[in-house]
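Q: Build me a model from this:
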Amino acid sequence: MGHDHGHDHTHGTNRKVLFISFLIITTYMIVEAIGGYLTNSLALLADASHTSGPLLVD
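A: Down below sits the predicted model:
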């Protein structure tokens, strides 16, 4: 008696979701940095640089 529950165990969707989240976070960081620069907001610039750390390391 085999166990079959009708789905495969591929991990391609994990990579796709990770890449999409990377793009969203990177876009948000760029917009935040530009907004911080244009409005002279040190808080936005600091947050954008804080966000860039894990993105650049991974």
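Q: By average pLDDT, which secondary structure element in this protein comes out worst?
A: The helix or strand of the chain with the lowest confidence, counting by mean pLDDT, DSSP states H and E, is helix 42-57 at a mean of 87.
Q: what sits against the closest residue in space to Gly36 that isn't next to it in sequence?
A: Spatial nearest neighbour of Gly36, chain neighbours left out: Leu44 (3.0 Å); criterion: CB to CB, 6 or more residues apart in numbering. Quick note: C-beta positions are derived from backbone N, CA and C, even for glycine. Residues in contact with Leu44, defined by CB atoms under 8 Å, 6 or more residues apart in numbering, are 32-33, 35-36.
Q: Which members of those are positioned in helices?
A: Using DSSP state H, the subset of the contacts of Leu44 located in helices is 32-33, 35-36.
Q: In those, find the pair that's most separated.
A: Greatest spatial distance in these: Ala33 and Gly35, 7.3 Å, computed using CB to CB.
Q: ok, these two, which is more surrounded?
A: The neighbour count for Ala33 versus Gly35, taken as other CB atoms under 10 Å, is higher for Ala33 (17 against 13).
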